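Student: pasted the sequence and its predicted model underneath.
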Amino acid sequence: MAHSLAPHADQEPRTARRERIALAALGLAAVVAIALSLTVGLKGNLAFALELRTMRLAALLQVGVAIAVSTVIFQTVTGNRILTPSLMGMDALYLLIQSVLVFTLGAVGFAALPSGLLFLGQATALALLAAVLFVPILARRSDMVLLLLAGVVLGILFRSLTDLVARLIDPNAFAVVQSATFADFNTIDETLIVPCVVVTVIGATLAWRSRHLLDVMALGEADAVGLGVAWRRAALGLVLLVGILVAVSTALVGPVALLGLLVVALAERIVGTTRHAVLLPAAALTAVVLLVGGQTILAHVFGNTLTLGIVIEFAGGLLFLLLLLSSRLR
Amino acid sequence: MTTPRPIRGDLVAAAVLLVVLALVSVLVGVGRLSGADGVELVLVSRLPRTAAALLTGAGLAIAGLIMQTLARNRFVDPMISGSGESAGLGILAMTILAPGASIALKTLAASGAAFVGTALFLVLARRLPPTEPYLVPLFAIVYGGVVGALTTAVAWEADLLQYLSIWTNGEFSAVMQGRYELLWVISALVAVAWWVADRLTILALGRDTAVGLGLNYTVMQQAGLAIVATIAGVSVATVGLIPFVGLVVPALAVRRYGEDVRAVLPIIAAGGAGLVLSCDIVARLLRFPYEVPVGTVLGVVGTAAFIAVLLARPRHA
């Protein structure tokens, strides 16, 4: 359908070829990054080291895909290429849900619950809260900057509330919450990997199947409705999906505030299109290259002195400032 | 300009409220106040703590007022717009380069770094389109976040993360006689702000108008910047980063009483002092006998107030 929308039919092959080449290059880079992450500096007990690395790799892949896909969807639904779920405070909301749970159940009660079940409950709560909070806001998207600012401040409020709740619980439980509020790619809860990967695969499949719907929704509410899209229902479903994807990535590594922004902006430059059939896989591959490659470089070149979370926050923040200054907001 | 409300009655009420809050602050705490030990407790711990909260609150609110004048936007706060974060970076640099430096020297470094960081923010913020009033605070928050991430990275490298957390979360629990006296600098700075108040009002009219009215625009801007940076440096070095006071208090006061800096300055100072002191009292009572950092309490109170200010404001900026 997007093909028939192209303005100049004779340009089609050239753009299509460029997209294919860019995607292939990204795929190759991702494969190289993955191969390097598994092999560089391998020594000692090979089986053990490989198993550890495969676990970590699976987590990084899952987080990368979840963040890339959720950001692309969120940006399309909001009609803005600078909004990300985490800028609107969604990952902070997840941590708040978690700390309230620890507060009400106590550290022991919290640990006694089966982690898979607990996680699914939290993810569902986040998706529902996100839908309740954000769909009404998104419906009134007349003043995008106000919306963005309110979202950012809302995020700070969630973080402060999390911190306050954490201070009110006893010190042992505080440590449980505290460790979750920092992005950490080195210590990953292994019991969560399988449920997170499953949820991410389902979520990514749903997103992929909605790619044409997303192309239409990118035209804006009025045009999309004109083309026969039930806007509110579609937006609600997509925001729920975003909430679940944010929950899986936050559960595994904690908040990575500006990774989504970084990844989608880069992917869009690389493939030169916003067609979702191309942008979705491109963003996911870019995320994998950044996360897996970045982690490998940090671990082996800088000897793990810097954490990836801090580097991403710094680089993503700089990019965001540049985007604001170049007024790419509208 | 909005029609200012009569301010004198409110000012008297604010003064009475401050006295009551100060009394409560002296009375609240774990130690008992009976006998000779009680007198010593009051002199060494309770009074300094109360004074520190009052001074910091007044200073941060005034710094916010001046910062908002310089940025020509009502939604910026030095503590979350890069000044506080830069001050932290300055202290961190000082700690690494000259670990033995006195607290006064560290404060100086913090103020210097805050000056540079704030100046850079103002230069960048001027390039944002003036038609979008919310773009400036958005830019400010992310700018502060970038400086903060840089500070965290440096602290991580130097293995000083725990040390860093002391001043990224403001609290008064360590304030005692001998540990807070630099904060009195703030009272001098508030006096300076009072002295140049009318020039600040003119500054807010913009460069062309201000120069037309005979103001030395650049000098006045530097002076305002210096006041903001010094308040940020002193407060971050002694009690840590306390967010949102500088945003919420001036934004609300100006909306209510108008934009004449000399007229609103006393009520803003009193409002900031009262806000920080009452949050500190709440912080001490929330989990008695333990306490919560006042920065955390203000993070919640301040953001809620910020969102209210954002969504309830009249259509003009």
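Tutor: Looks like it came in fine.

Student: buried set for the particular helix or strand that has residue B:105 in it?
Tutor: Using DSSP states H and E, residue B:105 sits in helix B:103-125. Buried residues in helix B:103-125, counted by 16 or more other Cβ atoms under 10 Å in any protein chain shown: B:106-115, B:117-119, B:121-122, B:124-125. C-beta: built from backbone N, CA, C; applies to glycine.

Student: stretch B:283-294 near chain A at all?
Tutor: Yes. In terms of Cβ under 8 Å from any Cβ of the partner chain, part of stretch B:283-294 sits within range of chain A, namely B:286, B:287, B:292, B:293.

Student: among the residues you listed, which ones are in helices?
Tutor: Within these, no residue falls in helices by DSSP state H.

Student: from those residues, list just the buried residues.
Tutor: In the residues of stretch B:283-294 next to chain A, burial by neighbour count holds for B:292, B:293, counting by 16+ other Cβ under 10 Å.

Student: show me which of the residues of stretch B:283-294 next to chain A has the smallest pLDDT value.
Tutor: Looking at the residues of stretch B:283-294 next to chain A by pLDDT, the weakest one is residue B:287, with 82.

Student: go back to the buried residues of helix B:103-125 and keep what's next to chain A.
Tutor: Among these, the ones lying close to chain A by the criterion of Cβ under 8 Å from any Cβ are residue B:124.

Student: mind saving the C-alpha coords of the helix holding residue B:105 as PDB?
Tutor: As requested, the backbone C-alpha atoms of helix B:103-125 are provided in PDB (Å, rounded to 0.1, in the frame of the first residue of the first chain):
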ATOM      1  CA  ILE B 103      35.000  23.900  52.000                       C
ATOM      2  CA  ALA B 104      35.300  27.600  51.100                       C
ATOM      3  CA  LEU B 105      37.600  26.800  48.100                       C
ATOM      4  CA  LYS B 106      35.300  24.000  47.000                       C
ATOM      5  CA  THR B 107      32.400  26.400  47.200                       C
ATOM      6  CA  LEU B 108      34.300  28.900  45.000                       C
ATOM      7  CA  ALA B 109      35.000  26.100  42.500                       C
ATOM      8  CA  ALA B 110      31.300  25.200  42.600                       C
ATOM      9  CA  SER B 111      30.200  28.800  42.000                       C
ATOM     10  CA  GLY B 112      32.700  29.200  39.100                       C
ATOM     11  CA  ALA B 113      31.500  26.000  37.400                       C
ATOM     12  CA  ALA B 114      27.900  27.100  38.000                       C
ATOM     13  CA  PHE B 115      28.700  30.400  36.300                       C
ATOM     14  CA  VAL B 116      30.100  28.700  33.200                       C
ATOM     15  CA  GLY B 117      27.400  26.100  33.000                       C
ATOM     16  CA  THR B 118      24.600  28.700  33.500                       C
ATOM     17  CA  ALA B 119      26.100  31.100  30.900                       C
ATOM     18  CA  LEU B 120      26.400  28.300  28.400                       C
ATOM     19  CA  PHE B 121      22.700  27.400  29.000                       C
ATOM     20  CA  LEU B 122      21.600  31.000  28.500                       C
ATOM     21  CA  VAL B 123      23.600  31.300  25.300                       C
ATOM     22  CA  LEU B 124      22.100  28.100  23.900                       C
ATOM     23  CA  ALA B 125      18.500  28.900  25.200                       C
END
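
Student: identify the residues contacting it?
Tutor: A:321, A:325, B:67, B:70-71, B:73, B:78, B:81-91, B:93-95, B:98, B:101, B:136, B:139-140, B:143, B:147, B:182, B:225-226, B:228-230, B:232-234, B:236-238 (Cβ atoms under 8 Å, 6 or more residues apart in numbering or on different chains).

Student: what about those, which are in helices?
Tutor: Secondary structure from DSSP H places A:321, A:325, B:67, B:70-71, B:83-91, B:93-95, B:136, B:139-140, B:143, B:147, B:225-226, B:228-230, B:232-234, B:236-238 of these in helices.

Student: filter the residues you listed down to the buried ones, PyMOL style.
Tutor: Selection of the buried residues among those in PyMOL, burial being defined by 16+ other Cβ under 10 Å:
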select buried, (chain A and resi 321) or (chain B and resi 67+70+71+83+84+85+86+87+88+89+90+91+93+94+95+136+139+140+143+147+225+226+228+229+230+232+233+234+236+237+238)
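
Student: how about the residue of the stretch 201-330 of chain A found nearest chain B, nearest residue that isn't a chain neighbour?
Tutor: Nearest to chain B in the stretch 201-330 of chain A, going by Cβ to the nearest Cβ, is residue A:317, at a distance of 3.7 Å. What sits nearest to residue A:317 in space, not counting adjacent residues and going by Cβ to Cβ, 6 or more residues apart in numbering or on different chains, is residue B:146, at 3.7 Å.

Student: residue A:109 versus the one you found, what's the distance?
Tutor: When Cβ to Cβ, to the nearest Å is applied, the distance between residue B:146 and residue A:109 equals 39 Å.

Student: the residue nearest to residue A:317 contacts residue A:319, doesn't it?
Tutor: No. Checked against Cβ atoms under 8 Å, the pair residue B:146 and residue A:319 is beyond contact range at 9.9 Å.

Student: who has more neighbours out of those two?
Tutor: Neighbour totals were compared for residue B:146 and residue A:319, and residue B:146 leads with 21 against 18 (other Cβ atoms under 10 Å in any protein chain shown).
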